[in-house]
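Below is the structure, and that's it, no one-letter string:
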């Protein structure tokens, strides 16, 4: 079986053609311009991962941008959003501050990415 | 660093705009040895549009890692602060004249005039609004440009609506499709007038496909329904001349319409100064140093031409920053005068002129989606570059690199870029 993917690792967005073996595992990957495309294709066909970016509210009523500091399983994205939306950052939160550690049993933490508006 | 106006109002280099272009140009000018620099920013903080672009994907070229917009902006703000480059926020530039006098205003100084050794224009771009799209219907609440919605959600913490249709598949529209979905809205459709998306392929994948949001190509919104608030839109497919086909009309109920229909460089100041603009880019006509038709006035970033990636904005702004320093020191002079021409399949180039014999990267966009073509650069009958490309699309900026050696050997006054069968 074959799967057509668009690599999301960089803005180049290579079209990837993945040939899957009988067990559904990626056996051959074509179309990637760099090795990261191969890593992405294997992950996408076995355990797809996404970084989540969003905002959390601050104690003073403003919002501040955050992200998961690494990719989490794609299936957990909406669960992660629930945690992010339940989080309140201190008014003095700064870029790089960790707000929630190791969410949903992953190694990813919610970290602040920007200044307050 | 805070800036105190001098009595004579003179500043070596004034940069209009404190977004990624302005900050990168300021840092480059400082690192080239200039100290009398002032950045003027309209908003209450440096960072420009990156402040609301909270998604990741920035900085892979420039920093070798994936950053969010605010993180990318913060890195440049840190560079500005470390160098103690002065900037004024909440300051609006009202006008520039051909002698590089600049009028601005803020609450501290009122209206004031600066005499500038050089000026760098870095005002960025704005979105094409509803008024420019000629969509029939009332003017209910619930119609936003994608960037306005982005500001509401990411900076103000407000949701603009709950059932959304997006017109236009530019990157901001795609990013907002995902953002609204993550925050609990239902994005019912993304409609694109053209037969191809205007956004990056990776954004179609991670913003639409990840959430099963349908993208309808060759489709547009022909009517907006609702009087107080949007109640729905009528969409229709379009023919090859982009005229709606009435028999394909269908109604989609929604309370919000987001528009992502193109970006326009914000050049009111440039027009006021009498700077020549390129009719295709809507930005200034510049040489390799990004100098406009007014000596000592440079332009970089999205005010010059709309970029896909901020990394390239930063790169371009370094060129403008360094060149402005050479201008102030009287070290600039035209070595050659070459005009870049295109064949129509290539819509434009930046720069449009080359005046110095040095390695020059030429940025351009194509007019349509093409497969298996070669980008050919010719001058004086000779082929300088032939570069094969499997796929070219208007949404993805292309480059060719002209070396100093090539430019030194050009016969004639024109360089021609064309797209030919590979």
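Okay, I see it. From a predicted model like this one, the values you see are computed outputs, not experimental measurements.

CA atoms for contacts and neighbours, from now on please.
Will do.

which residues in chain A form helices?
Ranges of helices in chain A, per DSSP state H, are A:35-46, A:77-86.

With the stretch 301-422 of chain B instead?
With DSSP state H, counting those that start in this stretch as the criterion, the stretch 301-422 of chain B has helices at B:310-328, B:404-409.

now chain B
Under DSSP H, chain B gives helices at B:20-31, B:69-82, B:146-151, B:171-182, B:201-203, B:268-273, B:310-328, B:404-409.

In TSV: these, plus mean neighbour count, mean pLDDT and distance to chain A.
TSV is the format used below for the helices of chain B (neighbours: other CA atoms under 10 Å in any protein chain shown; pLDDT from 0 to 100; distance: least, CA to the nearest CA, whole Å):
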stretch	mean neighbour count	mean pLDDT	distance to chain A
helix B:20-31	28	98	15
helix B:69-82	21	97	5
helix B:146-151	22	97	10
helix B:171-182	24	97	7
helix B:201-203	23	91	5
helix B:268-273	17	97	26
helix B:310-328	23	97	11
helix B:404-409	14	92	28
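
Go through those helices and name the closest to residue A:52.
Smallest distance to residue A:52 across the helices of chain B (CA to CA): 9.3 Å, for helix B:171-182.

what does the domain assignment say about chain B?
What automatic domain parsing lists as the domains of chain B is B:10-126+B:264-333, B:129-261, B:341-421.

Could you report the distance from the residue lying farthest from the centre of chain B to residue B:12?
Distance from the centre of chain B peaks at residue B:247, with 37.1 Å (CA atoms, centre = their mean). Residue B:247 sits 62 Å away from residue B:12, going by CA to CA, to the nearest Å.

Tell me which of the helices of chain A sits nearest to residue B:109.
helix A:77-86 (41.6 Å).

What's opposite residue B:416 in the beta bridge?
For residue B:416, the beta-bridge partners are residue B:341, residue B:378 (DSSP bridges).

Based on its surroundings, how many neighbours for it?
By the measure other CA atoms under 10 Å in any protein chain shown, the count of residues near residue B:416 is 17.

Which positions in stretch B:216-234 come out as buried?
Buried residues in stretch B:216-234, counting neighbours by 16 or more other CA atoms under 10 Å in any protein chain shown, are found at B:216-226, B:229-234.

so what's residue B:191 up against?
B:165-169, B:215-221 (CA atoms under 8 Å, 6 or more residues apart in numbering or on different chains).

Redo those residues as CSV? Include pLDDT and distance to chain A.
Formatted as CSV, these follow (pLDDT from 0 to 100; distance: CA to the nearest CA, whole Å):
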residue, pLDDT, distance to chain A
B:165, 98, 21
B:166, 98, 20
B:167, 97, 22
B:168, 96, 19
B:169, 94, 16
B:215, 97, 15
B:216, 97, 18
B:217, 97, 18
B:218, 97, 21
B:219, 97, 23
B:220, 97, 25
B:221, 96, 28
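
which two in those residues are spaced the farthest apart?
Pairwise distances across the contacts of residue B:191 peak at 15.3 Å for B:165 and B:218 (criterion: CA to CA).
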